[in-house]
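**Student:** fold the stuff below for me.
(2 chains)
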Amino acid sequence: MLNGFFTPDLFASAIRMATPLALAAIGGTICERSGVVNIALEGIMLIGAFFGVVVTLATGQVWLGVLAAVLAGVALSGIHAFASVTLRMDQIVSGTALNILALGLTGFLMEVLYGHPGATDSIPHQILPVFNFPAASGTGFFATLWNWINPLLFGYTPIVYLAIIAAVLGQWAMYRTTWGLRLRALGEHPRAADTVGVRVIAGRYVAVLISGALGGLAGANLSLEQVGSFSENMSAGRGFIALAANIFGRWTPVGSYLASLLFGFAQALQIKMQAYQDVLHIPVQFFLMLPYVLTVVVLAGFMGRAVGPAEVGKPYEKE
Amino acid sequence: MPVLELREITKVFPGVIANDRVSLALERGEIVALLGENGAGKSTLMNVAYGLLSDDGGEILVDGKPVRIRSPRDAIALGIGMVHQHFMLVAPLTVTENIILGHEPARLGIIDRPKARARVVEISAQYGLKVDPDAVVGGLSVGMQQRVEILKALYQGARILILDEPTAVLSPQEVRELFGVIRSLVTAGLSVVLITHKLDEVMGAADRVVVMRDGKVVGETTPSQTDQIGLARMMVGRDVVLSVEKGESHAGEPRLTITDLQVPGERGLEALKGVSLTVRSGEIVGIAGVDGNGQTELVEAIVGLRRPSGGSIDLKGRDITHAAPRETIHAGVSHVPEDRHRRGLVLEFDLAENLVLGDHRDAPYASHGITDAQAISETARQRIKDYDVRTPSEHVLAGALSGGNQQKLVLARELGREPGVLIAAQPTRGLDVGAIEFVHRRLLAERDSGTAILLVSMELEEVMTLSDRILVMYGGQVVAEFDSADADEERIGYYMTGGKVAGAAPAGAQPAGTPDSAPPAPPMGGAL
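**Tutor:** Numbers count the residues shown, from 1 in each chain, chains lettered A, B, ... in the order given. Have a look, this model is predicted:
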């Protein structure tokens, strides 16, 4: 009955689904390590997805679209940085306002640019997988092995690989570089960092902007790699799931990536289950719900035990 | 030529002149004590010198040259280092990471970790400041953390070291060790400014004393030219009694009896591992110990703020082991909490409201759930008068009072309800000499009127001045008991730092729980 359920495609799909979550989660990790909560990742992702498509449709250059997505993310996070670091506004309020702004702005610009709500046209050329190796024919051991390895390792579009690189590079930078050491100090004890001459405000700005860039890239992955067009509210809560992944990953880039894999797998699973709807006789809405239920369960189970940066969410003010 | 000279520094905060044309010169190889009460402007002055605050006037000279210090970065570059009262350490980072933070040895932004570690080991050996470079700072003792702070300043190349109230959190042994370290630093050519309000430290450690009061320098002297009384007079501006006279105690029946009390702490560790003690009417039992050895948990368990996992708390024959705070108050237990801002007062409430908190449900302050503003105000006015709380009226917000007046307010409420038992935790924390004198007098008067008092304090001197019996807590246990008559700092300090665990006790001390057994042989040379 469930023949062909656990195929290489299911796991490859999990990695694809994990990518926007992971990019945003790594961004969230860097941001929170500096002492700023970035609940605006949801809106950053959405606005990145939108401007990626807009620029791609306007120029026909999908890589310009990716660049636009990143810049849009940086711009929105710049507002968050200004509000929460410079003006010392409540970071949750600022983030929430930006999420609403992103939702409204993309909806509004849809009307202005394309004259209708809902979804944009598809972009002419979606971003293709980096490699394109043929599948092996036959049923021998090596043929089967290749048919697992090929989609699982070589079947992805560029941003999927970028997310993995971001996780590894981020982890290394956080624990091996001057920047990383100072970043970790900023979220724990900004005054201590200040007293040894580390620039707290600048450091927090950089961290928030990096999270914006990664969030924008997550949006590009969503609209330019996964779907090929933009539809309203297409981030669909992924920015919030990413924050959960950041917590579950204990505020580390690699941990965030691995936690995102879990949520990505839940998403891949629910998509796959939809295909089996006729066999399982369960309404499709139930499957759609699964990744969010998992988020709640993970947060309820692990949040109490996870200890984040001590000064996260608190604006820094000189005496 | 002074290595550091502050000329006519002025610093104004909204409504207050924190520093009013203050001048200070520090010679090479000298220890200058900057003495003054809380709020006299000592820390403000040094924060200006360290670039944490910008001055509103005046001039700073290093090695005779005028300099601009806009940030700690500038100060560090000039060879000025500062150890703050509240340590500037990042708890989850290692010792090495904390020391190099901001001045990391790195190539292309990548930290050279072997080099960083080697440098820390080198400096640590050079000045005899032993420390594990790979230990996580959050897990170190306070004394060790302070050592890391000093190493950090030395690593940054400090020639001028500012220490802000460095002994506030240390045990007597650690204090002595610290002053040993400071001496060796000075011998090595450093110059030290010691911010303090403790007179004995000044007399023992400083070469020269600069006294500040109300934002001004009011005098300068050397320890050989004066004594503690003279210093106190300069500091407060009037004659003060440094140590209140204590009469004989007339201890009566047991009021509070705690038996084998166990309380869980953070992360599954036991905060109290079976504490037993008795407080009788008319006596003060003092608990000495370094912060974090279960004192807070003990107090919270007694007053009902924390749930014990075993043992019992008995109040005149009534079991209050699991009583809620409201019940313990009604049973006659008053509590002066260690943190008057978080637990002692509602800062956004006015004095009258604060003065009846805890009794506010009962007559005459309320009937049928409706408060009686008149009755509350009357009581408030009376208590404000009795306890000499300096305020224009009872309708001022508690947050607007000075620390000393806030503490008087807490005492007025807690003693005003005439308790049978008083739990006083850190009753003089952060208070100045005058206010301390007041609190001490009140506590002794309360004892003489028959109240049973349990006093918890990190200030060993306070415990020794006030207590009739002294218990020492270490690692969640009472490790020694002394009669105040034959207690001395040396021996108590020995137990405070876990001396009993080390295997032997100095002569005269009485290990807790075995009052009849002979004291073990003393270790060579006393403590540690």
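**Student:** who in chain B is up against chain A?
**Tutor:** Listed as neighbours of chain A in chain B under the rule CB under 8 Å from any CB of the partner chain: B:47, B:50, B:52-53, B:71-73, B:76, B:82, B:84, B:87-93, B:97-98, B:100-104, B:106, B:109-111, B:113, B:152, B:156. Glycine gets a C-beta too; all of them are placed from N, C-alpha and C.
**Student:** repeat the analysis, applying 6 Å as the threshold.
**Tutor:** Residues of chain B found near chain A (CB under 6 Å from any CB of the partner chain) are B:72-73, B:76, B:88, B:90, B:97, B:101-102, B:104, B:106, B:109-111.
**Student:** what about those, which are in helices?
**Tutor:** Applying DSSP state H to those, the entries found in helices are B:72-73, B:76, B:97.
**Student:** and the residue nearest to the spatial centre of chain B, which helix or strand is it part of?
**Tutor:** Residue closest to the average C-alpha location in chain B (CA atoms, centre = their mean): B:Ala168, at 4.8 Å. Under the criterion of DSSP states H and E, B:Ala168 resides outside all helices and strands.
**Student:** nearest to A:Thr252 among the ones in helices among the residues of chain B next to chain A?
**Tutor:** B:Glu97 (15.8 Å; CB to CB).
**Student:** OK, contacts around that closest one?
**Tutor:** A:Leu181 (CB atoms under 6 Å, 6 or more residues apart in numbering or on different chains).
**Student:** do that again at 8 Å, thanks
**Tutor:** A:181, B:90 (CB atoms under 8 Å, 6 or more residues apart in numbering or on different chains).
**Student:** what's the spacing between it and B:Arg429?
**Tutor:** 31 Å (CB to CB, to the nearest Å).
**Student:** thinking again about what came up before, so the residue nearest to the centre of chain B sits right up against B:Gln85, yeah?
**Tutor:** Yes - counting by CB atoms under 8 Å, B:Ala168 touches B:Gln85, with 6.4 Å between them.
**Student:** got a list of what B:Ile182 touches?
**Tutor:** For B:Ile182, the contact set (CB under 8 Å, 6+ apart) comprises B:31, B:163, B:192, B:194, B:205.
**Student:** in what helix or strand does it lie?
**Tutor:** B:Ile182 belongs to helix B:172-187, assigned by DSSP H and E.
**Student:** now B:Gly282
**Tutor:** Going by DSSP H and E, B:Gly282 is not in any helix or strand.
**Student:** now it: how far from B:Lys246?
**Tutor:** From B:Gly282 across to B:Lys246, the span is 13 Å (CB to CB).
**Student:** same thing with A:Cys31?
**Tutor:** Counting by CB to CB - A:Cys31 and B:Lys246 are separated by 57 Å.
**Student:** go on, A:Ser137?
**Tutor:** Taking CB to CB, one finds A:Ser137 at 98 Å from B:Lys246.
**Student:** then B:Ser309?
**Tutor:** 37 Å.
**Student:** between these two, which one's more packed in?
**Tutor:** Remark: of B:Ser309 and B:Lys246, B:Lys246 carries more neighbours, 17 against 12, as counted by other CB atoms under 10 Å in any protein chain shown.
**Student:** my read: that one touches B:Leu443, true?
**Tutor:** No - applying CB under 8 Å as the test, B:Lys246 and B:Leu443 come out as separate, 10.0 Å apart.
**Student:** who touches both of these two?
**Tutor:** B:Leu466.
**Student:** report how many residues lie close to residue 98.
**Tutor:** You didn't say which chain, so I picked chain A. 24.
**Student:** you looked at the wrong chain, it should be chain B
**Tutor:** Residues within reach of B:Asn98, counting by other CB under 10 Å, total 29.
**Student:** what sits against it?
**Tutor:** Neighbouring residues of B:Asn98 by CB under 8 Å, 6+ apart: A:192, B:89-90, B:137, B:148, B:152.
**Student:** apply 6 Å and report the result again.
**Tutor:** By CB under 6 Å, 6+ apart, B:Asn98 lies in contact with B:89-90, B:137, B:148.
**Student:** B:Val285: what secondary structure?
**Tutor:** With DSSP: H, G, I helix; E, B strand; the rest coil as the basis, B:Val285 sits in strand.
**Student:** what's the spacing between it and B:Ala424?
**Tutor:** 11 Å.
**Student:** between the two, point out the one with more neighbours.
**Tutor:** Shown here are B:Val285 and B:Ala424; by other CB under 10 Å, B:Ala424 has more neighbours (28 against 24).
**Student:** can you tell me the closest non-neighbouring residue to the more buried one?
**Tutor:** Leaving out its chain neighbours, the residue that sits closest to B:Ala424 by CB to CB, 6 or more residues apart in numbering or on different chains is B:Val336, at 4.4 Å.
**Student:** check contacts around that neighbour.
**Tutor:** With CB under 6 Å, 6+ apart, B:Val336 has these contacts: B:410, B:414, B:424, B:427.
**Student:** pLDDT wise, what is the third one at?
**Tutor:** At B:Ala424 the predicted local confidence, pLDDT, stands at 95.
**Student:** next one: the second one
**Tutor:** Among the per-residue scores, B:Glu414 shows a pLDDT of 93.
**Student:** and it, which of the three is it?
**Tutor:** helix.
**Student:** could you do the last one as well?
**Tutor:** When the structure is split into helix, strand and coil by three-state DSSP, B:Pro427 lands in coil.
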